[in-house]
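1. just need the structure, nothing else, for what follows:
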Amino acid sequence: MNNGQSSTSNGLDPERVKEELESVELDEEEEEEEEEEEISSTTAQRLFQDVMTDINVEMAELQHEIELFTPEEQAWINDQAVINLKDVQKTVAFARRKDMEHTTKYQKMLLEQKRKALKTFKKRLEQNTRYNPGRVAKSRAAETTYPSDDEIEVLHEKVVKKKKSKKK
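-> Modelled structure (predicted):
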C-alpha cells in the first residue's frame with residue numbers, strides 16, 4: 001500500500017470480503033435454524049404422542065366406567081355422546097373436517113362429549129327422571145306406573161259424587 005497500490009490489486013476487495021463474511025454468517029444461521037427445526041419437530045412429535053397417549057388412557061378409563069352399567073344404559077350413554085358430537089359439529093367448523101379426526105383437539109373434544117353424556121346420565125340417575133335422548137329439549141317422559149287400588153277407589157268415589165251432584 002505504500003507504493004500507491006490499492007487494496008484491490010492485492011486481491012482483497014473490501015466489499016467482496018464483507019459479502020463473503022455475511023454469506024458465511026447466514027449459512028451458519030440457517031444451519032442453526034435447521035437444527036432447531038429438527039429438534040423442535042422431534043419434540044413436537046414426542047409431545048403429540050404423549051398427549052395422544054394421555055387421551056387414549058382417559059378414553060379407556062371412561063369406557064371402563066361406562067361398561068359398569070347395563071347394556072341399555074351403555075347404549076343410552078353412547079347415543080347421547082353421538083348426539084352431543086353432532087351438536088358440536090353443527091356449531092364448530094373444524095369438527096366437520098375429516099382430516100381433523102386424528103388431531104389432539106378433535107380427540108379431546110370426543111372425550112369431553114363422552115364425559116358430558118356420562119355426567120348427564122349420572123345426573124338423570126340421581127333425579128330418577130327418564131329423558132328421551134333423541135330430543136334436544138329435555139322434557140320428562142310419560143310415567144309408566146299405574147295407580148294403586150286405593151287411588152282407583154278414591155278416583156271412583158269422586159266421579160260418583162260428581163254424577164250425583166249433577167242430577168239434583
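2. drop to CA atoms for contacts and neighbour counts, all remaining ones
-> Will do.
3. can you give me the end-to-end distance of stretch 63-78?
-> For stretch 63-78, the separation between the terminal residues is 10 Å (C-alpha to C-alpha, to the nearest Å).
4. pLDDT (mean, whole number) over it?
-> Stretch 63-78 shows a mean pLDDT of 90.
5. buried residues, it. List them.
-> 63, 66, 74, 76-78 (16 or more other C-alpha atoms under 10 Å).
6. in the residues you listed, find the pair that's most separated.
-> Q63 and W76 (13.5 Å; C-alpha to C-alpha).
7. burial count for L110?
-> For L110, the neighbour count with other C-alpha atoms under 10 Å is 21.
8. next one: the one 5 residues further on
-> By other C-alpha under 10 Å, the residues close to R115 number 18.
9. and the spatially closest residue to it that is not a sequence neighbour, how far is that from L111?
-> Distance criterion C-alpha to C-alpha, 6 or more residues apart in numbering; nearest residue to R115, sequence neighbours excluded, is L62 at 7.4 Å. In this view, L62 and L111 are 8 Å apart by C-alpha to C-alpha.
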